[in-house]
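Undergrad: the following block contains a protein sequence and its predicted model.
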Amino acid sequence: MATICTSAVSPSVLISKVTSGFASLRGSPSELWKAYVLKFLDSYAYFSFSIIFTLFLSSDFGYSDVTAGTIYGAWGALITIYGLVAGFIVDNIGVASSLRLGFALSLIARILIFATRRRSILLLNICLTLPLGNCLGIPVLTTGIRRYTNEASRGFAFGLFYVVMNVSALISGPVVDMLTILYKGETSSEKAIDETDDTINSASGNTAFANEWSLSSYRAIILTGVVANIIACFITLTVREIKVDSKETVQMIPVPRSASASSHGSNMPLEEVMDELELEPCSDSQNVSTFKPAGGSALEILRETLSTKSFWRFLVVCLITLNVRMIFRHLDATLPKYMMREFGPDVAKGTIYAINPALIIILVPLVTAATTTVEPLVMIHYGAYVSALSVFFLVMSTSIWACVLFVSVLSVGEAIWSPRLYDYTMSMCREGREGTYMALSSAPLFLAKLPVGFMSGYLLQKYCPEDGERHSQTMWLIIGLTTALSPIL
């Protein structure tokens with residue numbers, strides 16, 4: 001810990017650093033701020049759905065804990081699998097086109113999930129359309145942040161990017177509580193047909209679980225995500241394919257051609273410099289240029305990526321953080337059902353979930369500003385220790401306070417390590433190949449969903465059933481032991 005403590009600064013210096021961070025973004029292209037808005041809208045739709053995912057499948061479609069958890073896991077794993085292919089697409093068609101495609105697919109999926117009564121349509125969109133849209137969302141926006149900032153502002157920009165995501169998560173928690181506690185929509189389970197009958201009906205093509213569609217609390221939450229997605233689709237239409245000169249301070253003021261040429265440290269004419277960098281000057285500034293995707297076949301990009309030593313170092317870090325990232329999947333898949341079964345259906349599950357983003361919003365700018373001189377790997381290592389210890393509060397006690405402490409300590413650890421993992425990822429990847437790297441960097445987070453989904457459903461069914469004797473502390477002990485390996489490694 002000494003390495004981190006030596007970087008401590010006084011509050012006044014810390015505030016000054018945060019202020020300087022915002023000042024470094026002044027004059028950035030409009031695409032940077034659009035990326036933040038898109039991040040907010042996409043994250044809100046994602047978090048509000050993930051909080052109620054397994055609850056929605058069990059309540060409105062009658063799936064068991066294990067089946068609902070497995071579907072949750074498949075959704076996350078498919079985001080990863082599709083993301084590996086999508087990474088090559090992003091590197092070929094660029095950020096702007098990828099965002100338009102991704103948000104359009106997500107919108108189609110969310111509308112159909114909201115409207116359907118049929119399991120077949122539900123599963124088709126959860127396993128195909130929605131993960132395709134998801135894998136062209138957050139990873140692509142992360143690539144956009146790199147291209148819309150310079151070296152001086154990039155670290156703070158990624159920290160702010162992470163804060164924006166958590167602002168949306170903060171809002172999604174209370175919205176979930178409001179629509180599940182205050183709004184008592186009629187759930188499909190109140191008039192559900194037998195699951196066996198549904199299986200029989202599936203053979204004849206009728207896979208509806210409920211006889212009539214109803215606006216349940218969970219469908220109302222999904223509807224709010226649809227609205228956010230519609231707004232995002234319109235914003236993507238205005239995004240340009242550009243890149244900021246990473247060596248210069250971003251100022252939206254045109255400069256003479258000679259100044260631009262000299263900024264590259266060369267006596268070549270500007271046109272030759274632009275040709276060499278595969279850039280074309282934009283009309284609004286010489287610092288902001290049209291970016292031409294590097295292109296290449298999937299095989300070429302994969303061979304090029306796998307041949308670099310930096311990729312393998314990066315992959316080792318991703319694998320080491322895999323276990324600790326599983327805790328965040330239990331935050332979605334396990335904690336909501338656990339709380340409803342132990343403390344009743346009106347427990348403020350969304351509000352307790354919102355403790356995580358609330359602390360991230362406060363801590364990330366402060367931690368990022370105070371530890372800019374600390375190596376990313378050091379921050380990742382110590383932050384993983386803190387996150388891994390959080391689960392053991394639920395092992396010691398089955399209480400609301402234990403849930404609060406679990407989420408709080410998990411958030412402190414996340415504020416230490418997670419933003420620096422973004423930073424580390426971007427520092428490792430070659431320009432023009434960010435899509436492939438971001439797809440691979442997201443792999444541990446979403447691949448963790450597959451085993452966690454099944455494990456969550458099995459543990460809930462065995463140790464925290466809806467009816468009968470519960471041994472929830474044993475469940476959390478098993479979870480804690482499986483997630484404690486990351487910091488040790």
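TA: Structure's in. What do you need?

Undergrad: pull stretch 82-93 out as CSV, backbone CA atoms only.
TA: Provided in CSV are the C-alpha atoms of stretch 82-93 (Å, rounded to 0.1, in the frame of the first residue of the first chain):
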residue,chain,number,x,y,z
TYR,A,82,-20.1,-11.6,-31.0
GLY,A,83,-17.8,-8.9,-29.7
LEU,A,84,-14.7,-10.8,-31.0
VAL,A,85,-16.2,-10.7,-34.5
ALA,A,86,-17.6,-7.2,-34.1
GLY,A,87,-14.1,-6.0,-33.1
PHE,A,88,-12.9,-6.7,-36.6
ILE,A,89,-16.0,-4.9,-38.0
VAL,A,90,-15.3,-1.8,-36.0
ASP,A,91,-11.7,-1.7,-37.2
ASN,A,92,-13.0,-1.8,-40.8
ILE,A,93,-16.1,0.4,-40.8
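
Undergrad: buried set for that stretch?
TA: 82, 83, 84, 86, 87, 88, 89, 90, 91, 92, 93 (16 or more other CB atoms under 10 Å). Placement of C-beta: from N, CA and C, glycine included.

Undergrad: and residue 130, what does it touch?
TA: 75, 105, 106, 109, 110, 113 (CB atoms under 8 Å, 6 or more residues apart in numbering).

Undergrad: isn't residue 95 right up against residue 144?
TA: Yes. Assessed by CB atoms under 8 Å, residue 95 is found in contact with residue 144 at 4.8 Å.

Undergrad: between those two, which contacts overlap?
TA: With CB under 8 Å, 6+ apart, residue 95 and residue 144 have common neighbours residue 239.

Undergrad: pipe the contacts of residue 130 into CSV and attach neighbour count and distance to residue 464 per row.
TA: Output for the contacts of residue 130, formatted as CSV (neighbours: other CB atoms under 10 Å; distance: CB to CB, whole Å):
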residue, neighbour count, distance to residue 464
75, 23, 22
105, 21, 35
106, 28, 32
109, 22, 30
110, 25, 30
113, 22, 26
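
Undergrad: widest-spaced pair of these?
TA: By the measure CB to CB, 75 and 105 form the most distant pair in the contacts of residue 130, at 14.0 Å.

Undergrad: show me where pLDDT drops low in the stretch 201-350 of the chain?
TA: 201-211, 245-302, 304-311, 313-315, 317-321 (pLDDT under 70).

Undergrad: so which strand or helix has residue 143?
TA: Following DSSP states H and E, one finds residue 143 within helix 138-147.

Undergrad: got the buried residues for that helix?
TA: For helix 138-147, by 16+ other CB under 10 Å, it's 138, 139, 140, 141, 142, 143, 144, 145, 146, 147.

Undergrad: longest helix in the protein, please.
TA: helix 30-61 (DSSP state H).

Undergrad: so which bits of that one are buried?
TA: Neighbour counts over helix 30-61 (16+ other CB under 10 Å) mark 31-32, 34-36, 38-61 as buried.

Undergrad: before we move on, back to that, let me know the closest of the contacts of residue 130 to residue 227.
TA: residue 110 (9.6 Å).

Undergrad: wait, isn't that closest one in contact with residue 42?
TA: No. With contact defined as CB under 8 Å, residue 110 does not count as touching residue 42 (11.1 Å).

Undergrad: so what sits against both of these two?
TA: Shared contacts of residue 110 and residue 42, counting by CB under 8 Å, 6+ apart, come down to residue 229.

Undergrad: and the gap between residue 393 and residue 352?
TA: 12 Å (CB to CB, to the nearest Å).

Undergrad: which ones are touching residue 331?
TA: 353, 356, 407, 410.

Undergrad: chain neighbours aside, what residue packs nearest to the second one?
TA: Looking back up the chat, that one is residue 356. Of all residues not flanking residue 356 in the chain, residue 411 sits nearest, at 4.6 Å (CB to CB, 6 or more residues apart in numbering).

Undergrad: per-residue pLDDT, that neighbour?
TA: At residue 411, the model reports a pLDDT of 89.

Undergrad: next, count neighbours for it.
TA: For residue 411, the count of nearby residues is 25 (other CB atoms under 10 Å).

Undergrad: taking the mean pLDDT, what do you get for the longest helix of the chain?
TA: In the prediction, helix 30-61 has an average pLDDT of 91.

Undergrad: tell me which other helices or strands the next helix-or-strand element following it touches.
TA: Later in the chain than helix 30-61, the nearest helix or strand by DSSP H and E is helix 65-93. Applying 3 or more CB pairs under 8 Å, 6 or more residues apart in numbering; DSSP states H and E, we find helix 65-93 packed against helix 30-61, helix 95-115, helix 130-135, helix 138-147, helix 298-306, helix 322-333, helix 434-447, helix 449-463.

Undergrad: got the angle for helix 65-93 vs helix 30-61?
TA: 160 degrees (axes from the mean of the first three to the mean of the last three CA atoms, to 10 degrees).

Undergrad: now the angle from helix 65-93 to helix 322-333?
TA: Computed by the same axes, to 10 degrees, the angle between helix 65-93 and helix 322-333 is 120 degrees.

Undergrad: any idea which of the contacts of residue 331 is the one closest to residue 99?
TA: Using CB to CB, the contacts of residue 331 come closest to residue 99 at residue 356, 26.2 Å.

Undergrad: look up how far residue 168 lies from that closest one.
TA: Taken as CB to CB, the span from residue 356 to residue 168 is 12 Å.

Undergrad: more neighbours: which of the two?
TA: residue 356 (23 against 20).

Undergrad: hmm, back to that, in a markdown table, list the helices and strands packed on helix 65-93 along with distance to residue 229.
TA: Output for the helices and strands packed on helix 65-93, formatted as a markdown table (distance: least, CB to CB, whole Å):
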| stretch | distance to residue 229 |
| --- | --- |
| helix 30-61 | 5 |
| helix 95-115 | 4 |
| helix 130-135 | 9 |
| helix 138-147 | 14 |
| helix 298-306 | 28 |
| helix 322-333 | 19 |
| helix 434-447 | 19 |
| helix 449-463 | 21 |
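
Undergrad: so which of the ones you listed is nearest residue 344?
TA: The nearest among the helices and strands packed on helix 65-93, by CB to CB, is helix 30-61 at 14.0 Å.

Undergrad: quick one on the thing from earlier: list the contacts for the residue nearest to residue 356?
TA: So residue 411 contacts 355, 356, 357, 358, 359, 360, 363 (CB under 8 Å, 6+ apart).

Undergrad: same question, residue 72
TA: 53, 54, 57, 332, 333, 449, 453, 456.

Undergrad: give me the number of residues near residue 358?
TA: So residue 358, with other CB under 10 Å, has 18 neighbours.

Undergrad: residues contacting the residue lying closest to it once chain neighbours are set aside?
TA: Leaving aside its sequence neighbours, residue 358 sits nearest to residue 170 (CB to CB, 6+ apart; 5.3 Å). The contact partners of residue 170, by CB under 8 Å, 6+ apart, come to 354, 357, 358, 361.
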